[in-house]
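[1] quick check, what structure comes out for this input:
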Amino acid sequence: MEKEVKEKGEHKEEEKTKTEKKVQNIIRLGETNLDGTRSVKSAILGVKGVSFSFAKAVAKISGFGDKKVGDLSEDELKKLEDMINHPEKYQIPSWLYNRRKDPETGEDKHMSVSQLELTEKLDTGKEKKLKSYRGVRHIMNLPVRGQRTRGSFRKGKVVGVSKKARAQQAAKSGK
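    Now for the predicted structure:
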C-alpha cells in the first residue's frame with residue numbers, strides 16, 4: 001500500500017517538471033549574453049550602450065519590468081531587442097539616447113554594442129587625424145577631459161628617479 005502511494009507521489013512530481021516552463025540561464029540579446037535569472041531591467045544593463053535610465057524606460061514601456069529574462073518568449077525577446085535598437089518607434093524620450101545631435105547628421109540616435117564601438121573608434125580617429133587637443137591627448141594615452149595628471153594616470157610610465165638611482169648618483173658624486 002505504501003509503495004503505491006510513493007509511486008503516485010513520484011508520478012505527480014514528474015508531471016510538474018514536464019509542465020513547468022524551463023528558465024533559460026543564458027539569453028543572447030543585442031550581441032551580448034545575458035543572465036536569464038535576472039530581471040529585464042537589470043539584465044539589459046549588460047548590453048553595451050544601455051544606461052540605467054534607458055534600461056528603466058525600456059522595462060517600463062515594454063511592460064516586462066521585474067519579469068525574468070529567461071521567462072520571456074522569442075517574440076518578447078525580439079521586441080526587447082527592437083526597443084533597444086530603435087527606441088524612437090516606442091516613444092522613448094530622445095534625452096535618454098547615447099548619441100544626441102550626431103556631428104554628421106544632427107539627429108538624435110541610440111547605438112548599441114558593435115555600432116557604438118565602431119562610432120567611438122571613428123570619432124577618436126577623426127580627432128587624432130585633425131591633431132586637435134583631444135586627439136593629441138588620445139595619441140599620448142593621457143586623460144582627455146581635463147583631469148589633473150600630477151598624481152594620477154602614472155601607471156606604466158617612468159616618472160622621477162628611484163631611491164636606488166639617487167643612491168648611486170650620490171655615491172658617484174661623493175667620490
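[2] Ser112: how many residues sit nearby?
    Look at Ser112: counted by other Cβ atoms under 10 Å, it has 20 neighbours. Where you see a C-beta, it was placed from the backbone N, CA and C, and this is true even at glycine.
[3] do Leu118 as well
    Using other Cβ under 10 Å as the criterion, Leu118 is surrounded by 11 other residues.
[4] what does Tyr90 give?
    Neighbour count for Tyr90, taken as other Cβ under 10 Å: 14.
[5] that one contacts Ile61, correct?
    Yes. Counting by Cβ atoms under 8 Å, Tyr90 touches Ile61, with 5.5 Å between them.
[6] for these two, list the residues in contact with both.
    Counting by Cβ atoms under 8 Å, 6 or more residues apart in numbering, the common neighbours of Tyr90 and Ile61 are Met83.
[7] and the residue most central in space within the chain, what helix or strand is that in?
    Centroid-nearest residue in the chain: Lys48, 3.2 Å away (criterion: Cα atoms, centre = their mean). Element membership of Lys48, judged by DSSP states H and E, is empty: it is in no helix or strand.
[8] pull the contacting residues for it.
    Here Lys48 is in contact with 32, 112-113, 116-117 (Cβ under 8 Å, 6+ apart).
[9] go on, Asp35?
    Asp35 sits next to 25-27, 43, 46, 69 when contact means Cβ under 8 Å, 6+ apart.
[10] His110 now?
    49, 54, 84-88, 92, 96-99.
[11] what ranges does this structure have for its strands?
    26-29, 32-35 (DSSP state E).
[12] pull out the buried positions in the last one.
    Which is strand 32-35. Counting neighbours by 16 or more other Cβ atoms under 10 Å, one finds that the buried residues in strand 32-35 are 32, 34.
[13] what lines up beside that strand in the sheet?
    Strand 32-35 has the following strand partners under DSSP bridges: strand 26-29 (antiparallel).
[14] distance between the strand it pairs with and the chain's centre?
    14 Å (Cα atoms, centre = their mean, to the nearest Å).
[15] average pLDDT for it?
    Across strand 26-29, pLDDT averages out at 85.
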